[in-house]
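Peer 1: need coordinates for the below:
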Amino acid sequence: MSTLRKIIMKKYVLISIALFLFALSCKDGPQLKQNVSGKTGEVIVVMNKTYWEAGPGQALRAVLAVDFPYLPQREPLFTLFNIQENAFSSLFQVHRNIIVCNVNPKLEETKMVIQQDIWAAPQIVVTISGPTEEGIAQSIESQSDLLRNAMEQAERNRVIRNAKKYEEVDIRKQVVKAVGGSPYFPTGYRVKKQTNHFMWIAYETTYTTQGIFIYSYPYRNEDDLTLSRIVAERNRMLEKEVPGPLDNTYMTTHTLIEPSLRWVTYNKREFVEVRGLWDVKNDFMGGPFVAHCFYDKENENIIVLEAFVYAPRYPKRDYLRQVESIIYSFEWQKD
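Peer 2: Below you'll find the predicted structure:
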């Protein structure tokens, strides 16, 4: 056998062995899931049209298609698309958010099951099964918080996962140095401004801005985490640090619609969430914001992480959801 033929045969054997080992790993090892499809905020609802137009569909819309809070224009919390059961093909099975409603008289009870990454990743699939449509509608209503939080957390986790994978490490180091912890910032975010007790980090395009303010103010007493104190400190800080495009213009809190406040426990942290609208004093700019405010016991400060959006040409729900997810990723620096 010629030398050339021996080399070719050797390569053939090595390739065959490699293909065999790869086949074994695909069969017995972990399976790689296809990436999810669909846009942020979209949910595929697999349900018979009759049920979609009746109790189960109405209950879902009452939970997931309500107005997203504190946006300048009306936008739904999620955009729902109804797919008939017989049309739920592989094309739709790889969608990011899926709800499957199964009415089966043979079932003994109604259940809601939340699963991850069934057909694709990172995916959430909620299956609601029961013997009657009335029971399914009642289950959706009684577990509305669970369903809504699961969908919102799934969207949030995707943003945080992407931020950690494609992180601007230097920004987090700067924030950690300033306040002792930091969110994770994905590629494209830049430090726009930094002064004592204030940082402005943003991702900007020609027509949009997704920004994050990080600032602190001294802790005095329990009133520091009330709405009035938070808004007062916000207005004071932004008047000083965030000027508008013209003289005597600056960012402030919109006054005609009072912001909301609620306590949130997330990832072993407790903070106050404030949602509202911002505008620019003596100008016509504006948009939504959401702030997380919490006590820094070590330095006796209140730390504020604020996400805001300026996108006058576009719907703002998805932009705000993305930048809000970033401040949810905040972690204290571990020793």
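
Peer 1: pull the helix or strand with minimum mean pLDDT from the protein.
Peer 2: Here the helix or strand of the chain ranked lowest by mean pLDDT, DSSP states H and E is helix 3-28, holding a mean of 43.

Peer 1: right, and the helix or strand after that one?
Peer 2: Where DSSP states H and E defines the elements, the next helix or strand beyond helix 3-28 is strand 34-35.

Peer 1: list the contacts of that following strand.
Peer 2: 94, 119-121 (C-beta atoms under 8 Å, 6 or more residues apart in numbering). For glycine as for every other residue, the C-beta is placed from the backbone atoms N, C-alpha and C.

Peer 1: what strands flank the following helix or strand past that strand, and is each parallel or antiparallel?
Peer 2: Using DSSP H and E, the helix or strand that follows strand 34-35 in sequence is strand 42-46. The strands beside strand 42-46 in its sheet (DSSP bridges) come out as strand 79-83 (parallel), strand 97-103 (parallel).

Peer 1: now the helix or strand that the longest one is followed by: buried residues?
Peer 2: Yep, that's strand 97-103 we're talking about. For strand 97-103, the following helix or strand on the C-terminal side (DSSP H and E) is strand 111-116. Burial within strand 111-116, assessed by neighbour count using 16 or more other C-beta atoms under 10 Å, is assigned to 112, 114.

Peer 1: helices or strands up against strand 111-116?
Peer 2: strand 124-130, helix 133-142, helix 144-165 (3 or more C-beta pairs under 8 Å, 6 or more residues apart in numbering; DSSP states H and E).

Peer 1: if we use 10 Å, what do you get?
Peer 2: Contacts defined by 3 or more C-beta pairs under 10 Å, 6 or more residues apart in numbering; DSSP states H and E place strand 111-116 against strand 97-103, strand 124-130, helix 133-142, helix 144-165.

Peer 1: any chance of those in JSON lines, plus mean pLDDT, mean neighbour count and distance to Glu324?
Peer 2: Formatted as JSON lines, the helices and strands packed on strand 111-116 follow (pLDDT from 0 to 100; neighbours: other C-beta atoms under 10 Å; distance: least, C-beta to C-beta, whole Å):
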{"stretch": "strand 97-103", "mean pLDDT": "96", "mean neighbour count": "22", "distance to Glu324": "17"}
{"stretch": "strand 124-130", "mean pLDDT": "97", "mean neighbour count": "21", "distance to Glu324": "18"}
{"stretch": "helix 133-142", "mean pLDDT": "96", "mean neighbour count": "19", "distance to Glu324": "25"}
{"stretch": "helix 144-165", "mean pLDDT": "97", "mean neighbour count": "17", "distance to Glu324": "8"}
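
Peer 1: ok, back up a step: could you export the strands paired with strand 42-46 as a markdown table, including distance to Arg190?
Peer 2: Conversion of the strands paired with strand 42-46 to a markdown table gives the following (distance: least, C-beta to C-beta, whole Å):
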| stretch | distance to Arg190 |
| --- | --- |
| strand 79-83 | 30 |
| strand 97-103 | 31 |
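
Peer 1: of all those, which lies closest to Val231?
Peer 2: Taking C-beta to C-beta, strand 79-83 is the member of those nearest to Val231, at 31.4 Å.

Peer 1: quick check: the closest residue in space to Tyr328 that isn't next to it in sequence vs Gly130, distance?
Peer 2: Closest residue in space to Tyr328, ignoring its immediate chain neighbours: Arg156 at 5.7 Å, by C-beta to C-beta, 6 or more residues apart in numbering. Arg156 sits 29 Å away from Gly130, going by C-beta to C-beta, to the nearest Å.

Peer 1: burial of Tyr166, as a residue count?
Peer 2: 12 (other C-beta atoms under 10 Å).

Peer 1: so it touches Val159, yeah?
Peer 2: No: applying C-beta atoms under 10 Å as the test, Tyr166 and Val159 come out as separate, 11.1 Å apart.

Peer 1: touching both of these two, which residues are there?
Peer 2: Contact with both Tyr166 and Val159 is made by residues 184, 186, according to C-beta atoms under 10 Å, 6 or more residues apart in numbering.

Peer 1: doesn't Ile124 make contact with Gln116?
Peer 2: Yes: using C-beta under 10 Å, Gln116 makes contact with Ile124 at a distance of 6.2 Å.

Peer 1: tilt between the host helix or strand of Leu60 and strand 42-46?
Peer 2: Leu60 belongs to helix 55-64 when assigned by DSSP H and E. Angle of helix 55-64 versus strand 42-46, following axes from the mean of the first three to the mean of the last three C-alpha atoms, to 10 degrees, is 160 degrees.

Peer 1: what does the pLDDT read for Pro218?
Peer 2: At Pro218, the pLDDT value in this model is 92.

Peer 1: ok, it - contacts?
Peer 2: Contacts of Pro218 by C-beta under 10 Å, 6+ apart are 197, 224, 233, 299-302.

Peer 1: make CSV from those residues and add neighbour count, pLDDT and distance to Asn282 to it.
Peer 2: Below are the contacts of Pro218 laid out as CSV (neighbours: other C-beta atoms under 10 Å; pLDDT from 0 to 100; distance: C-beta to C-beta, whole Å):
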residue, neighbour count, pLDDT, distance to Asn282
His197, 16, 89, 25
Asp224, 17, 91, 29
Glu233, 18, 96, 21
Asn299, 13, 85, 35
Glu300, 11, 91, 35
Asn301, 19, 93, 31
Ile302, 21, 96, 28
